[in-house]
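Enquirer: make a model of this:
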Amino acid sequence: MEWETVIGLEVHAQLQTTSKIFSGAATRYGSEPNTQACAVDLALPGVLPVMNREAARMAVKFGLAIGARINQRSVFARKNYFYPDLPKGYQISQFELPVVGLGQLTIEVNGEEKVIGITRAHLEEDAGKSLHEDFHGMSGIDLNRAGTPLLEIVSEPDMRSPEEAVAYLKKLHELVRYLEICDGNMQEGSFRCDANVSVRPKGQKEFGTRAELKNINSFRFVEKAINYEIERQIDVIEGGGKVVQETRLYDSAKDVTRSMRSKEEANDYRYFPDPDLPPLVLDDAFVEETRATLPELPDAKRERFQKEYELSHYDAGVLTATREMADFFESVVKHAGGGAKVAANWVMGDFSAFLNKDGVEIANAPINAEMLAGLIKRLQDNTISGKIAKEVFEAMWAGEGDADTVIEKRGLKQITDSGAIETVIDQILADNPDQVQQYRDGKEKVFGFFVGQAMKATQGKANPAQLNELLKEKLKG
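Expert: Numbering: from 1, shown residues only. Here you go, the predicted model:
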């Protein structure tokens, strides 16, 4: 039997506010346990939550970016369950009326576009964290995360393969970072994913029984976890069993999913409107003010890069993968006065390679856009060759100054004097009569030998185009 996979993703994006969603406590990552939890977060008697305006603005910003309906009146609800790191015994979330309604994202897989529906995006508070590693026979509770603002983004079950799920997740990750509403740091838990996975016979309209894979924190693990779960469910059904609706955890060390608990339905949480919080009402002015802050979105930027800079679809995609990279590239082109393709090659090539090698962000790189543009200028005006440019780049990265300083200090100016290059060629030809004869007898591969000798004699400074042209003339005899 042929099987079809059905996948829906629930993504928790931690909003980049400086304070929590219902209190003034800080949201900084990495602080000592329980140093960023105030009376509201601890649910002490008599305290009341107060909505964070910035969290609402960020939610609306996301909704506008995906073309969603903004519910200008939304309601907070209490989601009731017991867990040691949930001090109130309930989580404040949104249920029946979320702030963001139906929207969509377009993904691309294997060159084909597909629209993935987004059911909703709602605001909620995060829970605390249970710590098991540092305590023998006990668990510790850190409430620093309690009350941290989250935007839960729920997709339609529109994905049919792990590859589509990863493409959607990456597109969402890219978008929230462009909007500057979430830093997207998956290792720190500020962007995490639950995957709902089911299988059904190909052609069947009804969905199969789904399993929810909780808190997967990397794109690679999402793909691996879904792949494993698909195979597991097919094996269960083909073995005569039934898939159970449940929550499962992905064990990346063993590359398996394992059962965590039976999957609760919404009514198990006894949702009801939070009596301490009035409805969240957003007027037209608030929505339009937020709309005015939207940046150029990734898809629009990619399309513009292809048209304005005549870049390939691939190059435009790489350069717009992050807002920081796109801004850096455009700044390089501006300071260089053109040469978009050359700039693209340097930004995607050496610059990106050195960023990855040293593990630094663009903002902290030792070479800024103006410095890289200066190097490109010297390459384009033939002051240095492509090979020398790489040496100059490495010296700049090491902190030796801008391109002109390095070129001057190291004496790297390209030799463009035809007379000087001819003198070098004449000497090489005189020293290697056998190779000259081989070339004239039709062994053209020997040409590379002469180029190498000339570059060695000029310490790589001879202009390659001039050298090749003059060498060909001399070898004609």
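Enquirer: got the buried residues for stretch 205-213?
Expert: Neighbour-count burial for stretch 205-213, counted by 16 or more other C-beta atoms under 10 Å, picks out G208, T209, R210, A211, E212, L213. In this view, the C-beta of every residue, glycine as well, is placed from N, C-alpha and C.
Enquirer: now, those that are in strands?
Expert: Judged by DSSP state E, these include A211, E212, L213 as members of strands.
Enquirer: for the chain, which helix is longest?
Expert: helix 219-238 (DSSP state H).
Enquirer: name the residues of that one that are buried.
Expert: Applying 16+ other C-beta under 10 Å to helix 219-238 flags 219, 221-230, 232-233, 237 as buried.
Enquirer: repeat for stretch 357-365
Expert: I362, A365.
Enquirer: again with stretch 318-335
Expert: For stretch 318-335, using 16+ other C-beta under 10 Å, the buried residues are 318-323, 325-326, 328-333, 335.
Enquirer: now that stretch: average pLDDT?
Expert: Averaged over stretch 318-335, pLDDT sits at 96.
Enquirer: what does that stretch rub up against?
Expert: 174, 177-178, 180, 295, 298, 301-302, 305, 309, 311, 339-340, 343-344, 346-348, 352, 361-363, 369-370, 372-374, 376 (C-beta atoms under 8 Å, 6 or more residues apart in numbering).
Enquirer: redo that, cut-off 7 Å
Expert: If you take C-beta atoms under 7 Å, 6 or more residues apart in numbering as the criterion, stretch 318-335 is touched by 174, 177-178, 295, 298, 301-302, 305, 340, 343-344, 347-348, 362-363, 369-370, 372-373.
Enquirer: and for stretch 55-66?
Expert: Contact partners of stretch 55-66, identified using C-beta under 7 Å, 6+ apart, comprise 15, 17, 21, 70, 99-100, 103-105, 118, 121, 123, 149, 151, 175-176, 179, 181, 280, 282, 287, 290-291, 293-294, 297.
Enquirer: now stretch 39-51
Expert: Against stretch 39-51 from outside (C-beta under 7 Å, 6+ apart): 20, 22-23, 25, 87-88, 92, 143, 146-147, 276-277, 280.
Enquirer: mind checking which of these are buried?
Expert: K20, F22, S23, A25, P87, K88, I92, L143, A146, G147, L277, L280.
Enquirer: pLDDT value on D417, please?
Expert: 57.
Enquirer: and what of A266?
Expert: Reported pLDDT for A266: 60.
Enquirer: following the lengthiest strand in the chain in sequence, what is the next regular element?
Expert: Longest among the strand segments of the chain by residue count, using DSSP E, is strand 112-125. Once the chain leaves strand 112-125, the next helix or strand it forms, by DSSP states H and E, is strand 129-131.
Enquirer: give me the helices and strands touching the helix or strand just after that following strand, please.
Expert: Per DSSP H and E, the first helix or strand lying C-terminal to strand 129-131 is strand 140-142. When contacts are defined as 3 or more C-beta pairs under 7 Å, 6 or more residues apart in numbering; DSSP states H and E, strand 140-142 packs onto strand 129-131.
Enquirer: other residues contacting the strand it packs on?
Expert: By C-beta under 7 Å, 6+ apart, the residues outside strand 129-131 that reach it are P84, D85, S139, G140, I141, D142, R145.
Enquirer: so the fifth one makes contact with F135?
Expert: The reference is to I141. No - if you go by C-beta atoms under 7 Å, I141 and F135 don't touch, sitting 10.2 Å apart.
Enquirer: so those two - more neighbours on which side?
Expert: I141 (17 against 10; other C-beta atoms under 10 Å).
Enquirer: please name the nearest non-neighbouring residue to that one.
Expert: D85 (5.3 Å; C-beta to C-beta, 6 or more residues apart in numbering).
Enquirer: the one you found touches S139, doesn't it?
Expert: No - with contacts counted by C-beta under 7 Å, D85 stays clear of S139, the gap being 8.9 Å.
Enquirer: so who does the residue nearest the centre of the chain touch?
Expert: With distances taken as C-alpha atoms, centre = their mean, the chain has E174 as the residue nearest its mean C-alpha position (5.0 Å). If you count contacts by C-beta under 7 Å, 6+ apart, E174 has them with P298, A321.
Enquirer: before we move on, back to that, of D85 and S139, which one has the most company?
Expert: Taking neighbours as other C-beta under 10 Å, D85 and S139 compare with D85 leading, 17 against 12.
Enquirer: show residues contacting the longest strand of the chain.
Expert: Against strand 112-125 from outside (C-beta under 7 Å, 6+ apart): 21-22, 55, 59, 62-63, 66, 68, 91-94, 98-107, 147-156, 158-159, 164, 168.
Enquirer: which ones among the contacts of stretch 55-66 map onto strands?
Expert: Among these, the members found in strands (DSSP E) are G103, Q104, L105, I118, A121, L123, P149, L151, L280.
Enquirer: now restrict the residues you listed to buried residues only.
Expert: Applying 16+ other C-beta under 10 Å to these flags G103, L105, I118, A121, L123, P149, L151, L280 as buried.
Enquirer: low-scoring stretches of this structure, by residue?
Expert: Across the chain, the ranges flagged by pLDDT under 70 are 263-267, 414-418, 477.
Enquirer: circling back to that earlier point, filter the contacts of strand 112-125 down to the ones in helices?
Expert: The helices, defined by DSSP H, take in A55, A59, F62, G63, E164, Y168 from the contacts of strand 112-125.
Enquirer: buried subset of those residues, written for PyMOL?
Expert: Here is the PyMOL command that picks out the buried ones among the ones in helices among the contacts of strand 112-125, judged by 16+ other C-beta under 10 Å:
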select buried, resi 55+59+62+63+164+168
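Enquirer: of the ones in helices among the contacts of strand 112-125, closest to D268?
Expert: A59 (25.8 Å; C-beta to C-beta).
Enquirer: now the closest one. Nearest residue, chain neighbours left out?
Expert: Closest to A59 by C-beta to C-beta, 6+ apart is V99, at 4.8 Å.
Enquirer: what of A77?
Expert: That would be F95: by C-beta to C-beta, 6+ apart, it lies 4.2 Å from A77.
Enquirer: wait, the one you found sits on Y271?
Expert: Yes - using C-beta under 7 Å, F95 is in contact with Y271, at 4.5 Å.
Enquirer: overlap in contacts, those two.
Expert: A77.
Enquirer: quick one, domains of the protein?
Expert: Listed domain ranges for the chain are 3-289, 298-410, 418-476 (source: automatic domain parsing).
Enquirer: circling back: the residue nearest to A59 touches R69, doesn't it?
Expert: No - taking contacts as C-beta under 7 Å, V99 lies outside contact range of R69: 10.2 Å.
Enquirer: of those two, who's got more company?
Expert: Neighbour count, other C-beta under 10 Å: between V99 and R69, V99 has more, with 26 against 11.
Enquirer: contacting residues around that one?
Expert: A56, A59, V60, N71, S74, H122, L123, L280.
Enquirer: want to throw those residues into CSV with distance to L412?
Expert: Shown next, in CSV, are these (distance: C-beta to C-beta, whole Å):
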residue, distance to L412
A56, 56
A59, 53
V60, 53
N71, 62
S74, 62
H122, 59
L123, 57
L280, 62
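Enquirer: what about stretch 136-143, start to end distance?
Expert: 20 Å (C-alpha to C-alpha, to the nearest Å).
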